[in-house]
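Participant: model the following, please.
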Amino acid sequence: MILGSLFISLVIAEVVIRIHNASSEKLRKVWVPDYYLGSFHAKNNEFISQNRESKEFRAQQKTNQLGFIGEDIALKKKRDVFRIVIMGDSFTEALQVDYQKNFSMLLESQLNQLASHGKKYEVINAGMSRFSPITHYVLYKHRIAPLDADLIMVQLFANDIFEDNYVREMSIIADDGLPIKIQPYFMKEYEQRSGPSDARHFVRGWRQKFNSSLMELSRFYEYMSVVSTKRNKKSKINLRMKNKPEFNSVYQFFPLQKHNPLNENPEYLKKAWAQSFFYMSSLIETVHQANIPIIYFYIPMEGQLDLESYGDNSYQYYSGKRASLAINEKLAQFFRKEDVPFWDMLETLQQNSSQKLYFSIDGHLTTQGHNVLADGLLGYLRNILIDF
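Facilitator: Numbering: from 1, shown residues only. Next comes the predicted model:
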């Protein structure tokens, strides 16, 4: 009797959640808990992404069997395929435009128009909101490395230095300084969470696979997993830590702003920049050990372009004045030292600034912005890619 009632209750809950998802124009939750990365896209999902308040955009999205934005891919790469994986943050994820129109998909189409002799290019969009160099390292180790990529591309953004410091303080870090497991919220003080370099001490692969399988089968289990994880968002330690300037998103663009409390803290600046450079160096070394080339590129905020007027998002952070370009040169110097290609897309976007490249309120690239960016990346790639 009790088991029967419980079963009926679970079935009803499952039906209710699925009806709710359908009314919200999605098959699944957009982001679900992930053991290694904190959160990631739900697999095999279709949903509408939109800014309900400003109504600036409404876009069709789809995730594949791996949780990446886009169509399914062959897990075993075919001989005639040159596979490019692009890691990045919300600018690569690109939920503001239809998934077929983000710069990764546009670049794939353009490359295939140039290919010959039955060859094919494949571009995988591995972008995810709020991902930065520390998370790129974990993403590569656990999701990208098995894909047998021929080229890794990594997109950077102006708040990456802030995000790296922020995420590091939440996560489990090995003795060698590299991340083992990304936490989505502050759960314990950093000093209590450092661990040995042997990742197996922390990693519970079976648990990740079990939870992932259940979330794919049951929308109710998926919903409860998300709710359970989000409880930590309101924990005392998470709220307390996020009030500190170094973890407060109000100050996330300190590399672009002259008057920012974080720029008045030399100790923070030294540590934050050193950490980001360390994570990028570590990823470069790891990718090169697999004999795969890696390229970094930087997408500027609208406020870094030289414009007569700026959108609302830029006014929020820069009061309508042009933002600093210091981060661009600092990154360029670092990658010259690493002997790794670095493409600053500022000039490409500046040359096309007569077009509407950025959403005013949201601040991300428009469809025109993605077209311009794809054209710019193609220009760089054509100079280094030999038709395989």
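
Participant: dump the residue contacts of the closest residue in space to Asn263 that isn't next to it in sequence.
Facilitator: Leaving out its chain neighbours, the residue that sits closest to Asn263 by Cβ to Cβ, 6 or more residues apart in numbering is Phe254, at 5.5 Å. Placement of C-beta: from N, CA and C, glycine included. Residues counted as contacts of Phe254 (Cβ atoms under 8 Å, 6 or more residues apart in numbering) are 161-162, 260, 262-263.

Participant: how about the strands in this structure?
Facilitator: Along the chain, the stretches classed as strands by DSSP state E are 31-34, 38-41, 46-50, 58-62, 81-88, 120-127, 151-156, 172-173, 179-181, 294-298, 342-344.

Participant: name every strand pairing with the last one and say which way it goes.
Facilitator: Strands flanking strand 342-344 in the sheet, each with its direction: strand 294-298 (parallel) (DSSP bridges).

Participant: quick one: buried residues of the lowest-mean-pLDDT helix or strand in the chain?
Facilitator: Lowest on mean pLDDT, DSSP states H and E among the helices and strands of the chain sits helix 205-217, with a mean of 76. Buried positions in helix 205-217, judged by neighbour count with 16 or more other Cβ atoms under 10 Å: 211-212, 215-216.

Participant: show me which pair in these is furthest apart.
Facilitator: Maximum pairwise distance in the buried residues of helix 205-217, criterion Cβ to Cβ, is 9.8 Å, between Asn211 and Glu216.

Participant: so what sits against both of these two?
Facilitator: Counting by Cβ under 8 Å, 6+ apart, nothing touches both Asn211 and Glu216.

Participant: picking that back up, the residue nearest to Asn263 and Tyr99, how far apart?
Facilitator: Using Cβ to Cβ, to the nearest Å, one obtains 32 Å as the distance from Phe254 to Tyr99.

Participant: and Ser282, by the same measure?
Facilitator: Counting by Cβ to Cβ - Ser282 and Tyr99 are separated by 30 Å.

Participant: follow-up on the earlier one: who touches the least confident helix or strand of the chain?
Facilitator: By Cβ under 8 Å, 6+ apart, the list of residues contacting helix 205-217 from outside reads 28, 32-36, 42-44, 221-222, 225.

Participant: contacts only, for Tyr310.
Facilitator: 302-303, 318, 320.

Participant: now the phi/psi pair for it, please.
Facilitator: phi -120, psi 160 (degrees, to the nearest 10).

Participant: ok, the one 10 residues further on next?
Facilitator: Taking degrees, to the nearest 10, you get phi 80, psi 10 for the backbone angles of Gly320.

Participant: name the nearest residue to it, ignoring sequence neighbours.
Facilitator: Leaving aside its sequence neighbours, Gly320 sits nearest to Tyr310 (Cβ to Cβ, 6+ apart; 5.6 Å).

Participant: what about the one you found, distance to Lys258?
Facilitator: Distance of Tyr310 to Lys258, computed by Cβ to Cβ: 17 Å.

Participant: kindly report the same for Arg231.
Facilitator: Separation of Arg231 from Lys258 (Cβ to Cβ): 39 Å.

Participant: report how many residues lie close to the nearest residue to Ile172 once chain neighbours are set aside.
Facilitator: If the residues on either side of it in the chain are set aside, Ile172 comes closest to Lys181, at 4.2 Å by Cβ to Cβ, 6+ apart. By the criterion of other Cβ atoms under 10 Å, Lys181 has 21 neighbours.

Participant: can you pull out the low-pLDDT segments for the protein?
Facilitator: 1, 188-207, 386-388 (pLDDT under 70).

Participant: rerun that using 50 as the cut-off
Facilitator: 190-191, 196-203, 388 (pLDDT under 50).

Participant: please enumerate the helices of the stretch 251-388 of the chain.
Facilitator: Assigned by DSSP state H, counting those that start in this stretch, the helices in the stretch 251-388 of the chain fall at 266-289, 312-318, 326-338, 346-351, 367-382.

Participant: turn the ones you listed into a markdown table, including distance to Tyr358.
Facilitator: As requested, these are exported to a markdown table (distance: least, Cβ to Cβ, whole Å):
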| stretch | distance to Tyr358 |
| --- | --- |
| helix 266-289 | 24 |
| helix 312-318 | 7 |
| helix 326-338 | 17 |
| helix 346-351 | 9 |
| helix 367-382 | 6 |
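
Participant: which among the contacts of Tyr310 end up buried?
Facilitator: By 16+ other Cβ under 10 Å, the contacts of Tyr310 give 302-303, 318 as buried.

Participant: quick one: which of the residues you listed is nearest to Ser354?
Facilitator: Nearest to Ser354 among the buried ones among the contacts of Tyr310, counting by Cβ to Cβ, is Glu302 at 13.5 Å.

Participant: from what I can see that closest one touches Phe359, true?
Facilitator: No. At 9.0 Å, Glu302 does not count as touching Phe359 under the criterion of Cβ atoms under 8 Å.

Participant: could you list the buried residues of stretch 348-366?
Facilitator: Applying 16+ other Cβ under 10 Å to stretch 348-366 flags 348-349, 352, 357-366 as buried.

Participant: next: stretch 269-289.
Facilitator: 272-273, 275-280, 282-284, 286-287.

Participant: need the helices for the stretch 51-200 of the chain, in chain order.
Facilitator: Counting by DSSP H, counting those that start in this stretch, the helices of the stretch 51-200 of the chain are 90-93, 103-114, 133-139, 160-170.

Participant: deepest-packed of the ones you listed, please.
Facilitator: By mean neighbour count, with neighbours taken as mean count of other Cβ atoms under 10 Å, helix 133-139 ranks first of the helices of the stretch 51-200 of the chain at a mean of 25.

Participant: with just CA atoms, put it into PDB.
Facilitator: What follows is helix 133-139, C-alpha atoms only, in PDB (Å, rounded to 0.1, in the frame of the first residue of the first chain):
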ATOM      1  CA  PRO A 133      40.600  29.500 -17.300                       C
ATOM      2  CA  ILE A 134      40.300  27.500 -14.100                       C
ATOM      3  CA  THR A 135      37.200  25.800 -15.300                       C
ATOM      4  CA  HIS A 136      38.500  25.400 -18.900                       C
ATOM      5  CA  TYR A 137      41.300  23.200 -17.300                       C
ATOM      6  CA  VAL A 138      38.700  20.900 -15.600                       C
ATOM      7  CA  LEU A 139      36.500  20.900 -18.700                       C
END
